[in-house]
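Chemist: Generate coordinates for the sequence data below:
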Amino acid sequence: MSENPLLVAVGEETQVSATAGIPQTLGAYPEEDGGSMPNLFDCLASTYHLQSILSGGLTERWRRQMVARLPLQAGQKVVDLMTGTGELWTLLLPQVGENGRVRAVDFSARMLAGAARHRDTLPNPERISLHAANACSSGLASATADVVVSAFGLKTLPTTDYPALAAEIMRLLAPGGTVALLELTVPARGWRRAFCLGYLRSCNYILRLLGGPILAHTHLLHFASEFSALDKVASACRAAGLRHVRIEQLTFGLASILLAERDEQYK
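Modeler: Below is the predicted model:
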């Protein structure tokens, strides 16, 4: 049994208490508790569902655009890395149907607690399993995912983790499988950079005006402003053996999708 009161490990899946308490204050990030990433996302958990509202609906639009580019079919198995509270599930589950499965991975106990509550509101919740793990080392079975997805988690990863993440995606994908990664991006120069930075500054102003626990999201905006492109992630994916790696920009480059596949013949 895990020492964390929110998590109880049972075989491959992690059972998460859907009634676990969520902190109502910003908490210790970043000065106390080492400023750890899990602690930041624990602080974000209680207000993470507000992201779509705060972005004027853009984050939800971008998630839909990413899922629309996936060759999803009924009965497929999807791994959702850095799942948060499961914002992608309502888009994925109709595509994979009653026999499809989503394995959701996150390292934040309180994000997973929120994900468990979200799962309980969905039809056939047994289609979703929750796993407390790092995205770079999920512990899930190899070559069992038809699709691997992740939305808005890359910006907080250090660049030194990109090779490990790409290798983990390659390991998880079945031959012929597809990966899609979605992230906020800031173009390197020109009017699009000015537009994107202006948008992030506006979001930051609104968050500070609102105050309270929602202030934790200002830390994400900092990471977003420093995350210029998916090029380094794409290079890591190619080095790991993924093929047909390409990047598509959305909304003047404010967000980008990385798509890639594992070859059918790759061993």
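Chemist: contacts, neighbours, all on C-alpha from now
Modeler: OK.
Chemist: which residues in the stretch 51-200 of the chain form strands?
Modeler: 77-81, 101-106, 128-132, 145-151, 173-184 (DSSP state E, counting those that start in this stretch).
Chemist: Which residue ranges of the stretch 1-150 of the chain form helices?
Modeler: 37-44, 51-54, 58-68, 89-96, 109-120 (DSSP state H, counting those that start in this stretch).
Chemist: Below-threshold pLDDT in the chain: ranges please.
Modeler: 1-56, 187-189, 196-197, 199-200, 204-228, 266-267 (pLDDT under 70).
Chemist: ok so, going back, looking at the helices of the stretch 1-150 of the chain, which is closest to L254?
Modeler: When the helices of the stretch 1-150 of the chain are compared by Cα to Cα, helix 58-68 sits nearest L254, at 9.8 Å.
Chemist: and the direction of that closest one versus that of strand 173-184, what angle?
Modeler: Computed with axes from the mean of the first three to the mean of the last three Cα atoms, to 10 degrees, the direction of helix 58-68 lies at 160 degrees from that of strand 173-184.
Chemist: Next, the angle from helix 58-68 to strand 145-151.
Modeler: Going by the same axes, to 10 degrees, helix 58-68 makes 160 degrees with strand 145-151.
Chemist: For helix 58-68, which residues meet the burial criterion?
Modeler: Residues of helix 58-68 classed as buried by neighbour count (16 or more other Cα atoms under 10 Å): L58, T59, E60, W62, R63, M66, V67.
Chemist: any chance of those in TSV, with distance to T178 too?
Modeler: Converted to TSV, the buried residues of helix 58-68 look like this (distance: Cα to Cα, whole Å):
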residue	distance to T178
L58	24
T59	21
E60	21
W62	18
R63	16
M66	12
V67	11
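Chemist: from the residues you listed, which single one is nearest L165?
Modeler: M66 (19.0 Å).
Chemist: ok, the closest one touching V179?
Modeler: No. Between M66 and V179 there is no contact under Cα atoms under 8 Å: 10.3 Å.
Chemist: ranking the strands of the stretch 51-200 of the chain by burial, who's on top?
Modeler: strand 77-81 (a mean of 26; mean count of other Cα atoms under 10 Å).
Chemist: What strands line up against that strand, and which way round?
Modeler: strand 101-106 (parallel), strand 145-151 (parallel) (DSSP bridges).
Chemist: Output the longest one as CSV - backbone C-alpha positions only.
Modeler: Meaning strand 145-151. Output of strand 145-151 as CSV, limited to C-alpha atoms (Å, rounded to 0.1, in the frame of the first residue of the first chain):
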residue,chain,number,x,y,z
ALA,A,145,-1.2,1.6,-26.8
ASP,A,146,-2.8,2.3,-30.2
VAL,A,147,-2.6,6.0,-29.4
VAL,A,148,-0.6,8.1,-26.9
VAL,A,149,-1.7,11.6,-26.1
SER,A,150,-0.7,14.4,-23.8
ALA,A,151,-2.1,18.0,-23.5
